[in-house]
Every structure is written in C-alpha cells, then in structure tokens.
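[1] 3D, please:
(one chain, ligands or ions: 2)
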Amino acid sequence: MVVVMKPGTKKEEIEALAQSFEAQGLNVGITNGVGCTILGLVGDTTAVDIDKLSILPNVERIMRVSEPYKKANRKFHPQDSVIQVGDVRVGGGHFAVIAGPCSVESEAQMIEVARDVKLAGACMLRGGAFKPRTSPYSFQGMGVPGLELLLEAKRETGLPVVTEIMSPKYCELFEEKVDVVQVGARNMQNFDLLKEVGKMSKPVLLKRGLSNSYEEWIMSAEYIMSEGNENVILCERGVRTFETYTRNTLDISAIPAIHRMSHLPVILDPSHAAGMSWMVEPLALAAVAAGADGLIIEVHNDPPHAKCDGQQSLTPESFQAVMGKVRALVPMAGKVLEA
Ligand code: PEP
Ligand code: MN
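    Ligands and ions are numbered 1, 2, ... in the order given. Predicted structure coming up:
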C-alpha cells in the first residue's frame, strides 16, 4: 500500500504515522520527493482501514497495490481448489453439472426430476426449500419439509443435494441435512449469514449478487473462508444491466477473470442469467468453452405448472439434449465430466 502525504507535512507527523503502521506489524519505507513524501507499506495490509486513513488531515491519497482478499487469492494459492462433495469433485479439471427444479414442490416432483436428471448425467441435485421471492405473495418454498423431500430424492438416486439458505437460524439444520449450502444472489452481501455459513463444514455455493463486482463477490467468499470454511464454489448467474430482453445479462468474462483472481472453482447458472428456457443451451455451452468448472441448471417435470421459474426451466428431455452437447464439449475444454 502506498500513502501519499500532503505537501508541507511536518517530518514529526510523518514519522508518527510511520510508527503507527510499524506498530501494526508493517514495514514502512519513507521516500521524500519534491514537495511531497510517500510512505510505502509492506506486509499484510488487510486490516488497514483506508477510510479512516484517508480523513487524516495530512494524507493526500492512498493506493492499494495488493488485493484486499487473501484466502481466496490465487497469488497465495496458485493451484486450483478442488471442492469435494461426496464422491463428486468441482474444480481443478473436474466439471460438475447440478440440476433440478427451482423449488421443491412435492415428493412426486422431486423424485421424478431427480431420477431424470441423474439419468441425463447430472451429478448433484438442486431444489430450493426456502425461496427468496420478490413478492411476499409469491410461493415462498416448502420450508423445512422441503429439505426432507430433498433427502428422500437423495436416498432414491444417490445425488448430493444443493439448496439455498436464507437465514443463519437454519445453519444447524442445513449442516445435518444438505450437501452443499447455496447462498443466493440476494444474500451475497448478507455478512451475518456469510459468517455463519463460514462456521459450517459443508461446501458453500456462493452466487454473484445482482449488481456486484468481481472483487465484492470474492470478498464475500473471503468472509466465509475467514471463518474457517474454505470450500467455496462461486456461481455466475448474470447481472443487472440496461438490457431487458434477458432476465439478467450473463457475464461470461467472470469465468476467466475469477480464475485469474482466485483459486476457487467457478460454475455458471444459465437459467437465471437467461430467464428463458430456449436460451439455456447456448449459454451453458459458452460457459464450458470459457473454462467454467460446472453448471447449475433448472429442470422441471412440468414447466408450465412450476411454482417458480417455469419459464426458464428445461424439461427432462431438453436437459438430456443439452447434456449430450456438454458431454462432448467438456473434454475439449480439458476437463472431466463428473458422474
Ligand atoms: C435459485 O437458484 O433458484 C435462485 C434464487 O438464484 P439466484 O439467487 O441466482 O437468483
Ligand atoms: Mn430459480
């Protein structure tokens, strides 16, 4: 980190500031230029409060030269992280496809979809028991009984289950019942929730917020990792832009960018990005080509009657067709499709 002092700052004031940094365990180099002085801070500057520093009367400007995230940073962990979920691996050349309905609706629906997606080649089952809906009058999910139906579908098919958590009060229950804890886009910056899932032992699927930058997204992963849970899978699901044709705008650049910034796996959700079932296939294939570590796709046995997101849900038949192309493309991207 570099701190530029205002011209005319007294030597004693510069030295006092340098000493306060040294007291935080940092090495400080002082460079006296024409008219201004620069402090170069070397060491772990994550705890330095830039906002507080910038209001000091003698400070002109502060520049970070390293990223504020450490545990998620590829610089300190050059090899890809591989997240293990039962027998399934995600990342480091392992490509995982997660599929299932937006929401858990009934036992018959879950069992039928679980069997279909397994047959088509998915290696994990998704389904929301707790749904973050825009309207309080919309179906909010089955809640706790929905978790039991996911477990039943898991017993039936052997597929590990991925489901969304919305409140820290359910961490204990999720720890006991689910395989991957999903933190949805709307909760990406729910820091209390992130800290609590960070204390869990289950892998976390962290979706990108509706309008969040890569750095904000990685910082949210850092919240989880800093509590001890380093098993984080990032999920790009489209972001808000001026375009209204699609539900969100898929940011395909997120895949190579995150891979450069972080060692964590990145999967892609073409369903919530497109918002239309017919567009899921091309976006899914683009994700494979761009180097994604997996996909999460909404599949429903009866999309027109789905309680949530039917318009973007694939039928089991169309999911099978997408999987045929994904299966052909994954090896070309240098990865192995997890079974
Ligand atoms: C979901 O996966 O059903 C969901 C609500 O996704 P997102 O948080 O990305 O909107
Ligand atoms: Mn959905």
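[2] The closest residue to residue 61 other than its chain neighbours - how many residues pack around it?
    Leaving out its chain neighbours, the residue that sits closest to residue 61 by CB to CB, 6 or more residues apart in numbering is residue 4, at 4.3 Å. In this view, the C-beta of every residue, glycine as well, is placed from N, C-alpha and C. Number of residues near residue 4 (other CB atoms under 10 Å) recorded here: 16.
[3] In whichever strand or helix holds residue 19, which residues are buried?
    Taking DSSP states H and E as the criterion, residue 19 maps to helix 11-22. For helix 11-22, burial by neighbour count (16 or more other CB atoms under 10 Å) applies to 14, 17, 18, 21.
[4] Would you enumerate the residues in contact with the first one?
    Residues near residue 14 by CB atoms under 8 Å, 6 or more residues apart in numbering: 5, 30, 37, 39, 58.
[5] Pick out the most distant pair among those.
    Checked with CB to CB, the contacts of residue 14 reach their widest spread between 30 and 58, with 13.4 Å between them.
[6] Against residue 11, how distant is residue 194?
    Distance from residue 194 to residue 11, counting by CB to CB, to the nearest Å: 44 Å.
[7] Tell me which residues touch the residue nearest to residue 61, please.
    36, 37, 38, 59, 60, 61, 62, 63.
[8] Quick one: residues contacting the fifth one.
    Contacts were defined as CB under 8 Å, 6+ apart; by that measure residue 60 touches 4, 5, 6, 7, 36.
[9] and if you look at the first one?
    Applying CB under 8 Å, 6+ apart, one finds that residue 36 lies in contact with 4, 5, 6, 7, 60.
[10] from the chain, which residue is nearest to ligand 1?
    residue 184 (3.0 Å; CB to the nearest ligand atom).
[11] Which residues of the chain lie near ligand 2?
    Residues of the chain lying near ligand 2 by CB under 5 Å from the ion: 102, 309.
[12] can I see the domain layout of the chain?
    Domain assignment for the chain by automatic domain parsing gives 2-63, 83-337.
[13] Tabulate those domains (CSV), appending mean pLDDT.
    Below are those laid out as CSV (pLDDT from 0 to 100):
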stretch, mean pLDDT
domain 2-63, 92
domain 83-337, 98
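[14] can you list those domains in a markdown table and add distance to residue 70?
    Listed next are those as a markdown table, based on distance: least, CB to CB, whole Å:
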| stretch | distance to residue 70 |
| --- | --- |
| domain 2-63 | 6 |
| domain 83-337 | 7 |
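[15] Please identify the most buried of those domains.
    Mean neighbour count, computed with mean count of other CB atoms under 10 Å, is highest for domain 83-337 among the domains of the chain, reaching a mean of 20.
[16] Span of that one from start to end?
    Length of domain 83-337, first residue to last, CA to CA, to the nearest Å: 14 Å.
[17] how far does it sit from the chain's center?
    9 Å (CA atoms, centre = their mean, to the nearest Å).
[18] Then stretch 2-18?
    40 Å.
[19] Start the count at 26 instead of 1 going forward.
    Will do, 26 is the new start, and the previous item becomes stretch 27-43.
[20] Could you export it as PDB, CA atoms only?
    Extracted in PDB, the C-alpha atoms of stretch 27-43 (Å, rounded to 0.1, in the frame of the first residue of the first chain):
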ATOM      1  CA  VAL A  27       1.200   3.500  -0.800                       C
ATOM      2  CA  VAL A  28       0.300   6.600   1.300                       C
ATOM      3  CA  VAL A  29       1.000  10.000  -0.300                       C
ATOM      4  CA  MET A  30       1.300  12.800   2.200                       C
ATOM      5  CA  LYS A  31       0.200  16.300   1.600                       C
ATOM      6  CA  PRO A  32       2.900  18.800   0.600                       C
ATOM      7  CA  GLY A  33       4.300  20.600   3.700                       C
ATOM      8  CA  THR A  34       3.500  17.900   6.200                       C
ATOM      9  CA  LYS A  35       5.900  18.100   9.100                       C
ATOM     10  CA  LYS A  36       8.600  15.500   9.500                       C
ATOM     11  CA  GLU A  37       7.500  14.600  13.000                       C
ATOM     12  CA  GLU A  38       3.900  14.000  11.800                       C
ATOM     13  CA  ILE A  39       5.200  11.700   9.000                       C
ATOM     14  CA  GLU A  40       7.300   9.800  11.500                       C
ATOM     15  CA  ALA A  41       4.400   9.400  13.900                       C
ATOM     16  CA  LEU A  42       2.200   8.000  11.200                       C
ATOM     17  CA  ALA A  43       5.000   5.600  10.100                       C
END
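[21] tell me the contacts of whatever residue of the stretch 126-275 of the chain ends up closest to ligand 2?
    Ranking the residues of the stretch 126-275 of the chain by distance to ligand 2 (CB to the ion) places residue 127 first, at 3.3 Å. If you count contacts by CB under 8 Å, 6+ apart, residue 127 has them with 152, 153, 156, 296, 323, 325, 331, 332, 333, 334, 337, 338.
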